[in-house]
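Q: Turn this into a model:
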Amino acid sequence: MNQLKSREPGSVVLPGTLSPSLRGELIAFRRDLHMHPELGNQEFRTTAALKARLEAAGLAPRVLATGTGLVCDIGTWDRARPMLAIRADIDALPIPDVKTVAYRSTVPNRAHACGHDVHTTTVLGAGLVLAELDRQGLLPNAVRLIFQPAEEVLPGGAADAIESGVLDGVGRIIAVHCDPKVDAGRIGLRPGPITSACDRLEVTLDGPGGHTARPHLTTDLVTAAARIATDVPALLARRVDARSGLAVTWGRIEAGHACNVIPQHAELSGTVRCLDLPGWREAPDLVHAAIDEIATLHRAKSTINYVRGVPPVVNDPVITELLRDAMTARRGVYAIEDTEQSLGGEDFSWYLEHVPGAMARLGVRAPGDTTRRDLHAGDFDVDEEAIEVGVELFTAAALIDAAPKR
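A: This is a model prediction of the structure:
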């Protein structure tokens, strides 16, 4: 029996809101994850906790072939229409938690500083609500939950999850990412690119060193490294369409041990980011050529390790509108704001190489809070109202997506 009732053109009245008891349980679940963060491909405790709770709800989650992460189907798939998948990432970061809260990380130098504990909890909550609706006969089409490991490990655990078959039978996929610049109770949406491509770049330089009194008799690797650090970004700016936003940013330069000795070895490492897919596909060849050109000019032997990361997340316009309709049905149009494309990378993009999908930014800032917080920082925290908002968004999207088309 389908109880999705028309409220006004383009909107619906939906069942499946959170009960106070489940809301409290989900907050407690999130805090437990926050206290016990696990790095990519090491999320055994997190996987076990999710598996136990889903099984307690009468579901049959399956651990991924990688040993961590889960996939869980809700409802009966009749194969007439592909499933909607809802994805969460479950890993933490190798940084210390510096907050003073009761649920502070208990693991040294490990923290859920990117909000993956919130992502995980919202997908779990949506699964529990949808499972109850399915028991009531209110879920017209099956929904798949994907709890993916190792998002923070380039090139991302999504590739392994896809290899495990998580997209078999899936036609659309949705996700959220915490945004500390958006108030809790709201989401940010953007059709098209919402994140950027991100690759890792490591360069080593070698050559005969010597005394700083006679640099003409050496390969001056300090100067070579400095010129690569400054000139490679400048060269790339003239060799790729500026609209691609191709940017090399260095995070580490290391060379030498004494003030009067020109070293024989130098290292640089950083990231390559790009706003669009064409520029990202060109990037490795362009970066290699620019580095080799400058290294040759300074008679340095260069070795380049260019590690492919992730392409941009490019939101499908139709699936973005599904998220807009879902949030409008739950909280109204004023709970939605436009969001900009970020230079951050997200391996959700790998799913979008196979099926259309969209990611929303989930507001986690306490309304009225003027403190500047960012992701990947040890003091990162959220307004836990965001959990309920995420559950509402996902459940509404599943119901609207599965509703008969009129």
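Q: Run a quick neighbour tally on Ile27.
A: Burial of Ile27 is recorded as 17 neighbouring residues (other Cβ atoms under 10 Å). In this view, the C-beta of every residue, glycine as well, is placed from N, C-alpha and C.
Q: Now do the same contact list for it.
A: 384, 387 (Cβ atoms under 8 Å, 6 or more residues apart in numbering).
Q: switch to 6 Å and redo it
A: Listed by Cβ atoms under 6 Å, 6 or more residues apart in numbering, the contact set of Ile27 reads Glu384.
Q: What is the three-state secondary structure of it?
A: The three-state label for Ile27, taken from DSSP: H, G, I helix; E, B strand; the rest coil, comes out as helix.
Q: Can you check what pLDDT the model gives the closest residue to Gly16 other than its chain neighbours?
A: Leaving out its chain neighbours, the residue that sits closest to Gly16 by Cβ to Cβ, 6 or more residues apart in numbering is Thr395, at 4.4 Å. The predicted local confidence for Thr395 comes out at a pLDDT of 97.
Q: Against which helices or strands is the strand or helix carrying Thr395 packed?
A: Thr395 is part of helix 385-402 when elements are defined by DSSP states H and E. Using 3 or more Cβ pairs under 6 Å, 6 or more residues apart in numbering; DSSP states H and E as the contact criterion, the neighbours of helix 385-402 among helices and strands are strand 83-89, helix 116-135, helix 317-331, strand 357-365.
Q: Adding distance to Pro193 and mean pLDDT, write these out as CSV.
A: Rendered in CSV, the data for these read as follows (distance: least, Cβ to Cβ, whole Å; pLDDT from 0 to 100):
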stretch, distance to Pro193, mean pLDDT
strand 83-89, 18, 98
helix 116-135, 20, 97
helix 317-331, 12, 97
strand 357-365, 11, 98
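Q: could the ones you listed go into TSV alongside distance to Ala266?
A: Formatted as TSV, those follow (distance: least, Cβ to Cβ, whole Å):
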stretch	distance to Ala266
strand 83-89	35
helix 116-135	35
helix 317-331	45
strand 357-365	39
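Q: which residues in the stretch 1-150 of the chain form strands?
A: 5-8, 11-13, 62-63, 70-74, 83-89, 143-148 (DSSP state E, counting those that start in this stretch).
Q: The third one pairs with which strands, parallel or anti?
A: So that's strand 62-63. strand 70-74 (antiparallel) (DSSP bridges).
Q: Equivalent analysis for the longest one, please.
A: With DSSP bridges as the test, strand 83-89 is paired with strand 143-148 (parallel), strand 170-183 (parallel).
Q: what's the angle from it to strand 357-365?
A: 40 degrees (axes from the mean of the first three to the mean of the last three Cα atoms, to 10 degrees).
Q: buried ones in strand 83-89?
A: Using 16 or more other Cβ atoms under 10 Å as the test for burial, strand 83-89 gives 83-89.
Q: on that earlier part again, mind putting the strands paired with strand 83-89 into TSV with mean pLDDT and mean neighbour count?
A: What follows is those, written out as TSV (pLDDT from 0 to 100; neighbours: other Cβ atoms under 10 Å):
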stretch	mean pLDDT	mean neighbour count
strand 143-148	98	28
strand 170-183	97	22
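Q: how about the helices in the stretch 151-300 of the chain?
A: Listed in chain order, the helices of the stretch 151-300 of the chain (DSSP state H, counting those that start in this stretch) span 158-163, 221-237, 277-297.
Q: list the contacts for Leu205?
A: When the contact criterion is Cβ under 6 Å, 6+ apart, the partners of Leu205 are 221, 224-225, 266, 300, 302.
Q: Of the buried residues of strand 83-89, which is the nearest to Ile194?
A: Within the buried residues of strand 83-89, distances to Ile194 taken as Cβ to Cβ reach their minimum at Arg87, with 14.5 Å.
Q: just checking, the closest one touches Val176?
A: No. Taking Cβ atoms under 6 Å as the definition, Arg87 is not a contact partner of Val176, at 9.2 Å.
Q: circling back to that earlier point, mind putting the strands of the stretch 1-150 of the chain into a markdown table with distance to Arg372?
A: Output for these, formatted as a markdown table (distance: least, Cβ to Cβ, whole Å):
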| stretch | distance to Arg372 |
| --- | --- |
| strand 5-8 | 39 |
| strand 11-13 | 36 |
| strand 62-63 | 39 |
| strand 70-74 | 35 |
| strand 83-89 | 24 |
| strand 143-148 | 29 |
